[in-house]
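Asker: Need the 3D shape of this:
(2 chains)
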Amino acid sequence: MLIGSGLITALVLTLAGLAIWRGPRPSDERRWIIWWGLGFSMSVLAVLLAFALWTGERMIARDDGALQVQAEAQQWGWRFTQPGPGGPVVTEGVLYVPAGQPFDIVLTSRDVIHSFWVPQLGGKMDAIPGHRNVHRLMADAPGTHEGLCAEFCGIGHAAMRFEVVVYDPADPPPFVSAESLP
Amino acid sequence: MTEKMHPIAPNPPRKALLLHRQMQRVWSDLPGWRGAVCSVNHSTIGLRFMATSFLFFAIGGVLAMLIRAQLATRDGAFLDTQLYNQIFTMHGSIMMFLFAIPMLEGLSMWLLPKILGSRDMAFPRLGALGYWCYLFGGLIILSSLLFGVAPDGGWFMYVPLSGKTYTPGINADVWLLGVTFVEISAVAAAVEIIVTILRLRAAGMALTRMPLMGWYMLGTAAMMLVGFPPLILGSILLELERAFDWPFFDILRGGDPLLWQHLFWLFGHPEVYIIFLPAAGVLSTIIPVFARTRIMGYGAIVAAIVGLVFLSFGLWVHHMFTVGIPHMALAFFSAASALVAVPTSVQIFAWIGTMWAGRVELRLPMLHVIGFFVTFVMGGLTGVMVAMVPFNWQAHDTHFVVAHLHYVLVGGFVFPMMAGITYWMPMISGRFRVRALGEAAFWLIFLGFHGTFFVMHLTGLLGMPRRIDRYPDNPEWEWLNLVSSIGGMVMSVGFALFVLDIAMQWLFGRRSHRNPWKANTLDWAMALPAPPYNFSSLPSPGRDDATAILPLARGEGLLPGAPRPRREVLVTDAGTGRPDHVAVVPGNTALPIWTAAALGSFFLLMLAGLYVVTPLAIAAILWAGWRWGGFMGSRADAPDIPVAPGLSLPEHWQVRQTLAYSGTVTLLVADGTLYASLLFGVAFLTVIAPNWPAPDSGLGLGALLTAGAALLAMALATLAARLAETWRATPSGMGAALAGVLAAGLALVLLGGLAMLLDDPRRHARDALRAVLLGYAVFHAVVALMLGLRSLCDARQGRTSHQRRGAAPVWQLFQAFWLATSALSLGVVALQEIG
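Answerer: This next block holds a predicted model:
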C-alpha cells in the first residue's frame, strides 16, 4: 500500500509539474475530468476497498470456540483474565497467550475509555465503560511483545503499558492453559 | 441567463472623485477608538477576523514548539505531564476553533461582497457580533492557559475522561463554554455567508455563472450550518452533566460515552471539509489567473463541491473504527470515506488541466500553490490508507495519524491561505511586496514542514502513540523525533518571515497599480486599497468583470453614489440575479459589542459556577436582543428608489422576501439540525445505552393536559401572528398581535408549569433528555415572545401599513417552528410512555 501511494503521489505530482513548467498546449476537459478525475480515482479506490474488506472480514472476531481472554482497563493499568488449569487466572499487566492460534480478547473498562494495542500483533480496539468489545488477534511465534494504551486517558496515559507473553502451546507456563474458559 | 434579462441602461457618467467622497462619508468607519468599537463594515470586520486568527495561529504555533521541545529527547524533562496534556489539547483546539474557522470566516467576509459585486455582507451587525464573540471567547480560552487550568482532555474531549469524576476542575468547562461562545460566530457567519451569496450578487449574475469562490463558500457555509449544531448540542449536554449532574454520558444512569463521540464527529468530520473548501476556492480563483486562462470544468467543480458537502456528513463514524461497531457498518463507512476522495480528485485534475492549457507564471502565490499540491496529495493518499479498516486499526492514535492530519490541514488549508493572502495583499495594502522575502519564507515553511512531518509517518508506523510526553523505553523513536523537532523550528522561522514580509509590504511597499495580476473577477474592479464601499455604482448585467472598473467608478452602474445618507445595497433574486429591491444595511453601532459582552457575562458566570446570578446576564442578553429590532422597520411608505434609467425598486421594508426573512429561514435550518441531533441522542440512548429501560416515570394525566394546553396556546399564537400580518393595514392587526403575544405568554407559563411536573433529571438519562426537550421549547418561547412584542410595537408605532409588514413574517416563522418542534417533543415523550 505504501508503494502504491508513493507511485500515485509521484504520478500526480509529475503531471502537475509538467503542467506548470511546460508551455501551453491543448487541454481536453473530458480527458482530465472524466478519465483522470473520475476514472482513475474510482478504479484505485475500488481495488483498495475490496482488498480492505477482504482482510477485515478475516480479522473479525466470530463465535468459533477460539480461546477467550479478558482485559479490564482502568487508570492506569491492565488486568487480564486467562484460563488456567484450576480455573481463571488473573494477572496484572501481563497477558499470556498461546502461539499459532487465534484468540479473542474481551475488552471492558472500569473508568474512562482506554484502547488495547499490541503493535506487533495487529490492530487495536477500545475499552469503553458500559460496553464489551471483542477483538481477534493471533501471534505466530513464542516471544514477548509490548502493548500500550492507545486512547488518551489522563495523566498516567504514557505509562499505561503491558506485556504479552506468547508461549509455545505444547509447553505452557504452569499456571495457564490454552483451553477456553468454561 | 444574462441574455434573457432586460438590458439595463447605464446611468450618466459623473466625476469619480466626487462619487468617492460622497460614498466615503456614508460608508467609512468612525475615527479613533469609536471606530474600533462601532465598525460593522465587512472589510474592517473581515480583516480583523483574519488578523486575530493569525495571532492565535502564532500562539498555537508556540505551543507546538513546546511539544516538539518536549519530544525531542526520550526523557524530556521540559514540561510535566499535566502541563504537557494542557498544551497539546490547547494546540489542537486553538488551531481548529480559533485559527482555521475564523480565518476562513474572515476571508469570506472580506472577499465575498467584492467578488460578487456588492457593498457589504447581508448582516453587517451580525458579522461584528460574531467577531466580538470570537475575540471574547478566544480570550477566555487563552487565559485559562495563564492560570494553569486549561483544558487537558485532548481536543476532542472524550467522556468520561472530560466528565466531572475524572476532570473535577474547570478545565473542561473552559473548553465547553469557551468553544460554544466562539461557535456563535461560526453559525452567525454561516447564515451571513449563505444569504449574501444567494441574495447580494451583482444584477444578472445567475447562480450558474457566479465566480467559483461563491460556490465554494456556499458549500462551506451549508456545512457549517449543519455541522456545528451537533457540536453545540454535545457541549450543552456535557456542560449540563458537569454542572447539574444530568446523566447523558453516565452508563450507570442510562447514558453512554459513545453519544459524545457521535455528536463530536458529526461535526468533526465535516469540519475537515469546512476548512478545505474555502482553501480550494482560493486555488480555483488564482490558478486560472496565473495560468492566464479560464478554469477548466466549471460544472464538474460545482458538482464536486455539492458531492463533498453531502458525502462529508456520511462518514463521521470513520473516526470511531476502534470503538467496536459491526463490520457491515464499518464497510459502509469505509466505502463512504474512500468515495469522498473522488470529488477531491476531480478538482485536483481540473486544476492540473487548467495549468496544462495555460502558460503558468511562477509568482509568489503560485509557489504556495505548488506547496499545496505536494503536501495535500500526500496527505490525501495517507487519508485513503487510514480509511481502510485494517490499516486504521494499526495506525489509529499513532503519530502516523498526526502526520496525516497535518499534511491535510497544512497542505489543504495553510498553503492555499498563504497563496490567497499573498494574492490579495495588494488589494488590502494597496502596495507591491518587497522582493525575495516571501520566497525565502515559502521555502523555509515548505522544507521545515516536510522535515517535521514526513518522518513522523515512520515514527507512527514504529508504534509511537499520540499524546505521550516521554518514551524512556523506546530509544528507536528518538532520532526521528529529533528530526521532527528541528524541522518544526525551521518552519517557525519561516512563518515569522512570512509575517515580516506582510509587515514590510504594508510599510515600505511601492504603491500598486490597479489589478496587478490582471485577474478578471469583480474584486479587482476597484481602486487599491479597496474602499469600504467597494463600488460607487453596482455592476449591471453582462458587465460583471474586472474590465468594468472605470464605468463603475464613474457611477454608470446601478444605484450610483449615496444620495440618501444611508448604506444601500441591491438585493437580487437567489437563482437568476434579477434585481429585486434595495436594502438599507446598518452603519456604525456599538450594539454588537454590547451584545457580545452580555453573552460573555453569561458564559463567565456559568464558568464561575454562579448559576444563581445568570438570570441577570440573560436579562442583559434579552435587552440587547430587543435593541437589535429597533433598526428595522420604517414609519412611512417611501417611493421606489431609482436604480438605473427606467428601473426603480422598492425599499426593503416594503417587500416580504427581505434579507432578514432569508436569514431567519437559514438560521432555522441550523436550529432544526440542533433539534434533530437532540432526537438522535434520544433514539441512540434508548436503543444502545445500557441500564435501560428507565425507572417508572411520574408523568401522568396532569402533565399530558398541561402539555396539550401549551400546544393549543402555541397554535393560537401562530394563527394570531398570521392574522397580525394579514390585517396589518387595519386596527385589527394590533389586536391580533396582542392576542398572539398573550397566547405565547400563556404557553410559556404552561411550559413552566410542566417543568414542575417532570421527574428529577438527575435520576436517569431519559428524564434528563426530557428536561432538555422542555428547555428547548422554553428557549423558543422566549424568542417567539420577543418577536411577538416587536410586532405589537410595530403596530402601535405605525410601522405597519399595506406595504410595510414589520416583524410579523419573521415572527410567524419562529412561531411555526416552535409549535412543530414542541409537538414533536410531546410525541416522542408520549411514545416512550406507551412503548
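
Asker: same for the lowest-mean-pLDDT helix or strand in chain A, what does it pack against?
Answerer: Taking mean pLDDT, DSSP states H and E as the measure, helix A:41-59 is the helix or strand of chain A with the lowest mean score, a mean of 77. Based on contacts counted as 3 or more C-beta pairs under 8 Å, 6 or more residues apart in numbering or on different chains; DSSP states H and E, the elements that helix A:41-59 packs against are helix A:2-21, helix B:327-339, helix B:341-357, helix B:389-395. C-betas here are computed from N, CA, C, even on glycine.

Asker: Tell me which of those approaches B:His91 most closely.
Answerer: Smallest distance to B:His91 across the helices and strands packed on helix A:41-59 (C-beta to C-beta): 20.6 Å, for helix B:389-395.

Asker: avg pLDDT for that closest one?
Answerer: Here the mean pLDDT over helix B:389-395 is 69, rounded to a whole number.

Asker: Kindly report the same for stretch A:156-164.
Answerer: For stretch A:156-164, the mean pLDDT works out to 91.

Asker: In three-state terms, label the closest residue to chain B within chain A for me.
Answerer: Nearest to chain B, among the residues of chain A, is A:Gly123, at 2.3 Å (C-beta to the nearest C-beta). Using DSSP: H, G, I helix; E, B strand; the rest coil, the structure places A:Gly123 in coil.

Asker: Can you report how many residues lie near it?
Answerer: Burial measure for A:Gly123: 23 neighbouring residues, criterion other C-beta atoms under 10 Å in any protein chain shown.

Asker: and what of A:Gly156?
Answerer: Other residues near A:Gly156 number 12, with proximity taken as other C-beta under 10 Å.

Asker: can you pull the pLDDT of the nearest residue to it once chain neighbours are set aside?
Answerer: Ranked by C-beta to C-beta, 6 or more residues apart in numbering or on different chains and with sequence neighbours excluded, the top spatial neighbour of A:Gly156 is A:Trp76, at 3.2 Å. Here the pLDDT value assigned to A:Trp76 is 92.

Asker: same check, this time on the one 4 residues further on
Answerer: You'll see A:Phe80 listed with a pLDDT of 95.

Asker: ok, residue 52 - how many residues close by?
Answerer: Assuming you mean chain A. Applying other C-beta under 10 Å, we find 24 other residues in the vicinity of A:Ala52.

Asker: please go with chain B instead
Answerer: Other residues close to B:Thr52 by other C-beta under 10 Å number 19.

Asker: thinking again about what came up before, select, out of the helices and strands packed on helix A:41-59, the one closest to B:Arg25.
Answerer: Once C-beta to C-beta is applied to the helices and strands packed on helix A:41-59, the stretch that comes out nearest is helix B:341-357, at 42.7 Å.

Asker: distance between the helix or strand hosting B:Glu241 and the chain's centre?
Answerer: Assignment of secondary structure by DSSP states H and E places B:Glu241 within helix B:212-244. Using C-alpha atoms, centre = their mean, to the nearest Å, the distance from the centre of helix B:212-244 to the centre of the chain it belongs to is 8 Å.

Asker: Give me the next element, helix or strand, following it.
Answerer: Using DSSP H and E, the helix or strand that directly follows helix B:212-244 along the chain is helix B:257-291.

Asker: Check the offset of that following helix from the chain's centre.
Answerer: Helix B:257-291 sits 11 Å away from the centroid of its parent chain (C-alpha atoms, centre = their mean).

Asker: and the helix or strand that it is followed by, which residues are buried?
Answerer: Downstream of helix B:257-291, the next assigned helix or strand under DSSP H and E is helix B:298-311. Residues B:298, B:300-302, B:304-305, B:307-309, B:311 are the ones in helix B:298-311 that count as buried (16 or more other C-beta atoms under 10 Å in any protein chain shown).

Asker: Which ones among those also lie next to chain A?
Answerer: Counting by C-beta under 8 Å from any C-beta of the partner chain, B:Ala300 from those sit close to chain A.

Asker: helix or strand for residue 176, which one?
Answerer: In the absence of a named chain, chain A is used. For A:Val176, no secondary-structure element claims it when assigned by DSSP H and E, so it is in no helix or strand.

Asker: my bad, the chain I had in mind was chain B
Answerer: B:Leu176 is located in helix B:171-199, with elements delineated by DSSP H and E.

Asker: Need the residue closest to the centroid of chain B.
Answerer: Nearest to the mean C-alpha position of chain B, counting by C-alpha atoms, centre = their mean, stands B:Ala186 at 2.8 Å.

Asker: what residue ranges in the chain score low on pLDDT?
Answerer: Going with chain A. A:1-2, A:57-62, A:178-182 (pLDDT under 70).

Asker: That was the other one, I meant chain B.
Answerer: Chain B contains residues with pLDDT under 70 at B:1-6, B:321, B:324-328, B:387-390, B:392-393.

Asker: Name the residues of the stretch 401-550 of chain B found near chain A, please.
Answerer: B:463, B:465-471, B:473.

Asker: filter those residues to the buried ones?
Answerer: Buried members of these, counted by 16+ other C-beta under 10 Å: B:463, B:465-471.

Asker: Columns secondary structure on top of these, output as CSV?
Answerer: Output for these, formatted as CSV (three-state DSSP):
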residue, secondary structure
B:Gly463, coil
B:Pro465, strand
B:Arg466, coil
B:Arg467, coil
B:Ile468, coil
B:Asp469, coil
B:Arg470, coil
B:Tyr471, coil
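
Asker: All set now, cheers.
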